[in-house]
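# Sharing a model prediction with you, sequence too.
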Amino acid sequence: MLIKSYVLRRIIKAVFTIFLITSLVFFIVRLMPGNPVDIYISQLMIEESMSYTQALDQAAALFQLDFNKPVVLQYVEYLGNLLQGNLGQSFRSKGTPAADIIFKYLPWTLFCVGSGLVFSFVIGLLLGMVAGFKRNSPLDIGISSLAALIGAIPNYLIAIMFIVVMGSVLNILPFAKIRGSLSPGVQPEFSLNFVQDVLFHAWVPILIYVLSTVGNWVLLMKSSTTSTLEEDFVTVARARGLKERRILTQYVGRNAMLPLITQLAISIGFVVAGSFAIETLFVYQGVGALLLQSIQARDYPVVQGIVLIITVTVVTANLLVDLLYSRLDPRIRVR
Amino acid sequence: MLHNLQNSLRTISRNPVGLIGLIGLVFFILMSFVGPYLIPFNDEPRMDRIYQSPSWQHIMGTDHLGRDNAVQIVHGGREVMIVAFTAGLISLVIATLVGGLSAFLGGRFDTVAMTLADVVLTVPRIIVLTMIAGLIKFTNPLALAPLIGMLTWPTLARGIRAQILSLRERDYVEASRVLGMSTAHIVFVEMLPNMMGYILTGLILAMTAAIYEQIVLIFLGLVPLSGTNWGLMLNFAYNRGAIFQKDSVYYILAPTLAIVLFQLTMVSFARALEEIFNPRLRTQA
């Protein structure tokens, strides 16, 4: 590469990645055998007994594609629409832009996944630091084994076991009421009642996100803490007779945290992706559940939109972290 | 070779987690590949004994048709394991090729390959899989394996590339180069044994990911429902509301526990493998 500026190079790469994935998704949806456009056309011909040209016209209007043009031109048009923020019309709810539907579901997922991620990160950081600091003590062995154990269990199985044990066996939690994202009759508004209801429905999915990701953070933080403890500046701090607590927080913790920030950025996209099994289990009205419903209903503009949003999120998060790092650690900028 | 094996077994037996992992893995493999020949599966509905709790006759209870849950677990593991292993192997082959060529060729190939790896890593696999499973109606769950494999290689490829780049600079590799050893000798005798731990661990972790993904797809009903398999049991149990009713708890817990225990076994075994191949990790005894 001839471009000297690290920042510019990274931004170009990010834009290129988003472009490439969007294009791949377009061609998968448009060209694969059994692609939704062909299926929609044959469906119209059979169910509404339309002629092929009629069905083609209707499909063209719906997908906002012009079939008389070559695929490459259609693709350029699709990209042009995207740049204007137009994701196309939803098939399932006719006449509604796909973007409107996605943005109705998105806040719920962001709230649940976001708070789950924050809790999990903080708890994992603290436990991992303790485990790393007291390495090979019973406390460390306890924390690390538990983290490894829970980290190996798929999130949807944690959810199933939680529901079975807390709901059916012990009968502590009323899951029939907890399912969904709002109780019937409750409207989004600024009131205590609304907030209470949101939390009542959200706390179990949040807990599941925490349980299924916290083990990973603990183990990462432990190994990061262990290697930071071997650094010279820690030895010097000890030699100076600083208090252990001060060393733990000011010297080790801050430095050991750095590599985990990268992971945090990467994991955002993956937790959103993981939400689709969890949201389906809890009938939570978020993007994950919407993705599954849209795939089953072959509502591809919505599917493409969700994939685009996740891609943009992951790429932007990675970009921000890389740029932040290059500020903090000048060695990265030189390659 | 035999000596090596003995050594490995000794290392693993010193590590309780690894030992449990190894024993568990052998148990699960025997259960799923030999078990079905020893314990026949009676598919016939028996309405007089639906949703029974565990007893000596049915150690994991019975399902909505009065069939034994434990027997279904024995019969339902084979497909899950074959898909996981095939997917893991495919991803390993691609990762070794791409990672190896990237490290040795460098230059433009390296740039393109690593950019491609980044792109594949960007969209979470499970979303790509769901999308494709929605487009192509799979006729056979086994068809999932190549698809999962083709999406799982990037992490491993990057790791292998990094390992080769780092090993290449080691003294003993430089020494054999100075001694005029062939490239094949350097790669297969000097470098490969040092990467085996990483590669095998990577294979097992790819397999656990493949198990997660195939079971989500089957559980959510995106892959055809036929045959016997843990994911399918989960799907049936869930769709019958077994999760919310006290009497059918064992129906949904049986496949859940089977998958959880199998995943735990694999991860413990992977950790033990790391220790076998990396003596520095061994605890001083």
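Yep, it's here.
# For the rest of this, base every contact and every neighbour count on C-alpha atoms.
Noted.
# Cross-check the contact I'm expecting between residue A:315 and residue B:122.
Yes. Judged on Cα atoms under 8 Å, residue A:315 makes contact with residue B:122 at a distance of 6.9 Å.
# The two: which has the busier surroundings?
Remark: of residue A:315 and residue B:122, residue A:315 carries more neighbours, 25 against 22, as counted by other Cα atoms under 10 Å in any protein chain shown.
# in the stretch 51-200 of chain A, which segments are predicted with low confidence?
Applying pLDDT under 70 to the stretch 51-200 of chain A picks out residues A:62-69, A:91-92, A:94, A:181-188, A:190.
# Do you have the helices of the stretch 151-285 of chain B handy? List them.
Ranges of helices in the stretch 151-285 of chain B, per DSSP state H, counting those that start in this stretch, are B:171-178, B:183-185, B:192-219, B:230-239, B:249-277.
# I should have written the stretch 1-150 of chain B there, sorry.
For the stretch 1-150 of chain B, the helices defined by DSSP H, counting those that start in this stretch cover B:2-14, B:16-33, B:35-38, B:69-105, B:107-122, B:125-135, B:144-167.
# Equivalent analysis for the stretch 1-150 of chain A, please.
So, for the stretch 1-150 of chain A - with DSSP H, counting those that start in this stretch - the helices run A:6-31, A:36-47, A:52-63, A:71-83, A:98-133, A:138-151.
# Could you dump the ones you listed into TSV and include distance to chain B and mean neighbour count?
Formatted as TSV, the helices of the stretch 1-150 of chain A follow (distance: least, Cα to the nearest Cα, whole Å; neighbours: other Cα atoms under 10 Å in any protein chain shown):
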stretch	distance to chain B	mean neighbour count
helix A:6-31	6	16
helix A:36-47	7	17
helix A:52-63	16	17
helix A:71-83	18	14
helix A:98-133	15	20
helix A:138-151	7	17
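# can you put the ones you listed in CSV and add distance to residue B:175?
Converted to CSV, the helices of the stretch 1-150 of chain A look like this (distance: least, Cα to Cα, whole Å):
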stretch, distance to residue B:175
helix A:6-31, 36
helix A:36-47, 59
helix A:52-63, 63
helix A:71-83, 55
helix A:98-133, 37
helix A:138-151, 40
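# Nearest to residue A:321 among those would be which one?
Shortest distance between residue A:321 and the helices of the stretch 1-150 of chain A, using Cα to Cα, is found for helix A:6-31: 10.9 Å.
# re the thing from before, present the helices of the stretch 1-150 of chain B as CSV; the columns should include distance to residue A:71.
Putting those into CSV (distance: least, Cα to Cα, whole Å) gives the following:
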stretch, distance to residue A:71
helix B:2-14, 57
helix B:16-33, 48
helix B:35-38, 51
helix B:69-105, 31
helix B:107-122, 23
helix B:125-135, 19
helix B:144-167, 26
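# Redo those as a markdown table? Include distance to residue A:151 and mean pLDDT.
Below are those laid out as a markdown table (distance: least, Cα to Cα, whole Å; pLDDT from 0 to 100):
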| stretch | distance to residue A:151 | mean pLDDT |
| --- | --- | --- |
| helix B:2-14 | 22 | 68 |
| helix B:16-33 | 15 | 83 |
| helix B:35-38 | 29 | 77 |
| helix B:69-105 | 19 | 85 |
| helix B:107-122 | 20 | 84 |
| helix B:125-135 | 18 | 80 |
| helix B:144-167 | 18 | 85 |
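# Among the ones you listed, which comes closest to residue A:84?
Of all the helices of the stretch 1-150 of chain B, helix B:107-122 sits nearest to residue A:84, with 23.3 Å by Cα to Cα.
# Within the helices and strands, which one has the closest residue to residue A:25 other than its chain neighbours?
Once flanking residues are discounted, residue A:25 sits nearest to residue A:304: 7.0 Å by Cα to Cα, 6 or more residues apart in numbering or on different chains. Using DSSP states H and E, the element containing residue A:304 is helix A:300-328.
# That helix versus helix A:36-47: what angle between them?
Orientation check (axes from the mean of the first three to the mean of the last three Cα atoms, to 10 degrees): helix A:300-328 against helix A:36-47 gives 170 degrees.
# Any buried residues in helix A:300-328, and which?
Neighbour-count burial for helix A:300-328, counted by 16 or more other Cα atoms under 10 Å in any protein chain shown, picks out A:300-319, A:321-323, A:325-326.
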